[in-house]
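Asks: One predicted model, sequence on top.
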Amino acid sequence: MKPCIYFSPKASKDNFEGARLRKNIKGALEIKNIDYAKSIFDRHDLVHFISLDDESKIDDALENNVKVVFSALTCENDPAARILSYKSSNEAELSVKAGRVLNKVDRIFVPSEKARDYLVKNDIISPISIVTPGVNLSRFVLTGDASDNVFFDYNQIERGTKFIVSIGTYEKKEQLLRIIEIAKLCPKYMFFFIGVEGKERKLFKIKNIPSNLRLSPVVNDEIYCSMMKNASIYLVLNSNSASPLTLLDAMASKTQIISATMDEAIYLNETRAYACVSLEETANLINTYMDGNIASTIDEAYEFAKENSLSNLGEELEKEYELVLKGNTKND
């Protein structure tokens, strides 16, 4: 068995969720001492894809009798790695291209039963397995060295400043409107919204942004890790933006997760996060938590992160790759 992990977007799009998933997969294989192809041109007998943009390479692999697996519904904030499209700022649907590509591959990996049920409901007939996106626990430990503080230095704010962070996409205007209102109701704390820049951000005329909210492009890996390690709260603006990959990073960072919606998000429940029914309730909960007047759910969330370590991901990948190479075409 020698898999190839393929995700090769343009350089400008290679530092977001898809890139982190690729890094997790490779790290998990290395922990298990599983040799993988360093390039699509090296010898391999299976290709693990992450992006719909690689449909032609998927076709080439299948024509050459190379097995193909695909990770889906794990990187939905990343334009280079998502499979959903949006009719409006809130309504998501499986794209036509996604339906076509997913029904070609030998097996699909999704992060949860909810994700698997969604694909089955949308007429995906390829075998589907639940495979964690994994988390590298060691990347999110405060070490006391200079790398801990690069987020503060990058944003030119005082080290130790308490802040709340949310990750999404600028094309979903509803996310921005939500965090703007929440930040206004929590004036004592800094808020950061991180998302992919592009025409969507230019077209959306953002008005009345409070002084305690900063809108940022996607940051590099060093700044991202520093941000997650130091954030007081990771804020989920809606269930569609709750990337399982990023949620595991927040859990591994021992950062409190608060959701501005009661809609069930992948990996979130009442023991790992707080959920709210309105923006006002969300703001009140943030203020109450930051004042130390409510217990955290950090410990339960961290235990879940440990269950989804890279070591466990490596074991799952080894098992799943072997099933595919043996020609297993049944769902779990």
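Replies: Right, received. Where do you want to start? Predicted model, so just to flag it, every value in this text is computed and none were measured.
Asks: CA atoms for contacts and neighbours, from now on please.
Replies: OK.
Asks: residue ranges of the strands in this structure, please?
Replies: Here the chain has its strands, by DSSP state E, at 3-6, 46-49, 67-71, 84-86, 92-94, 107-110, 128-130, 163-169, 190-196, 213-217, 233-236, 256-259, 274-275.
Asks: Turn those into a markdown table, including distance to residue 25.
Replies: Output for the strands of the chain, formatted as a markdown table (distance: least, CA to CA, whole Å):
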| stretch | distance to residue 25 |
| --- | --- |
| strand 3-6 | 8 |
| strand 46-49 | 9 |
| strand 67-71 | 10 |
| strand 84-86 | 22 |
| strand 92-94 | 24 |
| strand 107-110 | 12 |
| strand 128-130 | 14 |
| strand 163-169 | 21 |
| strand 190-196 | 23 |
| strand 213-217 | 25 |
| strand 233-236 | 24 |
| strand 256-259 | 25 |
| strand 274-275 | 29 |
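Asks: With respect to residue 122, which of those strands lies nearest?
Replies: Residue 122 sits nearest to strand 92-94 of all these, at 7.4 Å, using CA to CA.
Asks: So in that sheet, which strands flank the closest one, and in what orientation?
Replies: Its sheet considered, strand 92-94 pairs with strand 84-86 (antiparallel) by DSSP bridges.
Asks: Name the residues of the strand it pairs with that are buried.
Replies: Neighbour-count burial for strand 84-86, counted by 16 or more other CA atoms under 10 Å, picks out 84, 85.
Asks: so where do the helices sit in the chain?
Replies: With DSSP state H, the ranges of helices along the chain come out as 17-31, 55-63, 96-102, 113-121, 150-155, 173-185, 199-203, 221-230, 244-252, 279-290, 298-307, 310-325.
Asks: a markdown table for the strands of the chain, including mean pLDDT and distance to residue 16?
Replies: Listed next are the strands of the chain as a markdown table, based on pLDDT from 0 to 100; distance: least, CA to CA, whole Å:
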| stretch | mean pLDDT | distance to residue 16 |
| --- | --- | --- |
| strand 3-6 | 98 | 15 |
| strand 46-49 | 98 | 16 |
| strand 67-71 | 98 | 15 |
| strand 84-86 | 84 | 17 |
| strand 92-94 | 86 | 20 |
| strand 107-110 | 98 | 18 |
| strand 128-130 | 98 | 22 |
| strand 163-169 | 94 | 10 |
| strand 190-196 | 93 | 8 |
| strand 213-217 | 93 | 10 |
| strand 233-236 | 97 | 17 |
| strand 256-259 | 97 | 20 |
| strand 274-275 | 95 | 26 |
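Asks: for the stretch 1-150 of the chain, which spans come out with low pLDDT?
Replies: For the stretch 1-150 of the chain, the stretches with pLDDT under 70 are 87-91.
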